[in-house]
Structure formats: structure tokens, C-alpha cells
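**Student:** Model the following, please.
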Amino acid sequence: MSQPRPEDGPIQEPVIEQALADELEQYKGQWVAIFQERVVAVGDSALRVKEEALRSGVTDPLVFRVPLHPHRLVIR
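**Tutor:** Numbering: from 1, shown residues only. You can find the predicted model right below:
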């Protein structure tokens, strides 16, 4: 799949989802906080990750542990 160009208009949802899934590969087994389709904090503790995200100004992060062996990770 080719990368979207600015003149193509807004980035489509499947492109964002795939980019986020690709990024999450490096965080297997760790806790992550996501806000507006991007990783804003990573660590070994859900509480610490949430606190770090809140300190950075994020108001409502999605915090979860990335599976070690995901068959398919769906984020909606």
C-alpha cells in the first residue's frame, strides 16, 4: 500500500489503524497509553503509564497491555 499524500485529503482509518498496529509491535508485553491514534506513554505498570500520559497533558488515554502473541489486535 502506498503512503497517502497531503493532496489526497485526510488519512483514511485503515491506514491509521495499520500504522498504530505496526508501532505497537515494538511494545509487546508492555503497557501503553494511546490518545488520538498515537502512543503517548509506555511502561511496565498500567498506573505509571496512565500517570505519565496525564502529566503530558492527555485528558483521556486508552491504557492497555500489548499482547505478547497477538493473532490480531483491533483498536477502534
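
**Student:** Helices along this structure, start to end?
**Tutor:** Counting by DSSP state H, one finds helices in the chain at the ranges 13-24, 46-55.

**Student:** Output those as TSV; include the columns mean neighbour count and mean pLDDT.
**Tutor:** C-beta: built from backbone N, CA, C; applies to glycine. Converted to TSV, those look like this (neighbours: other CB atoms under 10 Å; pLDDT from 0 to 100):
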stretch	mean neighbour count	mean pLDDT
helix 13-24	14	73
helix 46-55	16	97
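
**Student:** Quick check: which of the ones you listed is nearest to Val66?
**Tutor:** With CB to CB as the criterion, Val66 lies closest to helix 13-24 of these, at 5.2 Å.

**Student:** what about His69, how many neighbours?
**Tutor:** His69 sits with 6 neighbouring residues when counted by other CB atoms under 10 Å.

**Student:** What distance do you get for it to Lys28?
**Tutor:** 8 Å (CB to CB, to the nearest Å).

**Student:** next one: Ala53
**Tutor:** 19 Å.

**Student:** circling back to that earlier point, please name whichever of the helices of the chain is nearest to Val39.
**Tutor:** helix 13-24 (5.9 Å).

**Student:** Quick check, Asp44 in contact with Glu52.
**Tutor:** No. Applying CB atoms under 8 Å as the test, Asp44 and Glu52 come out as separate, 11.7 Å apart.

**Student:** Fine by me, thanks again.
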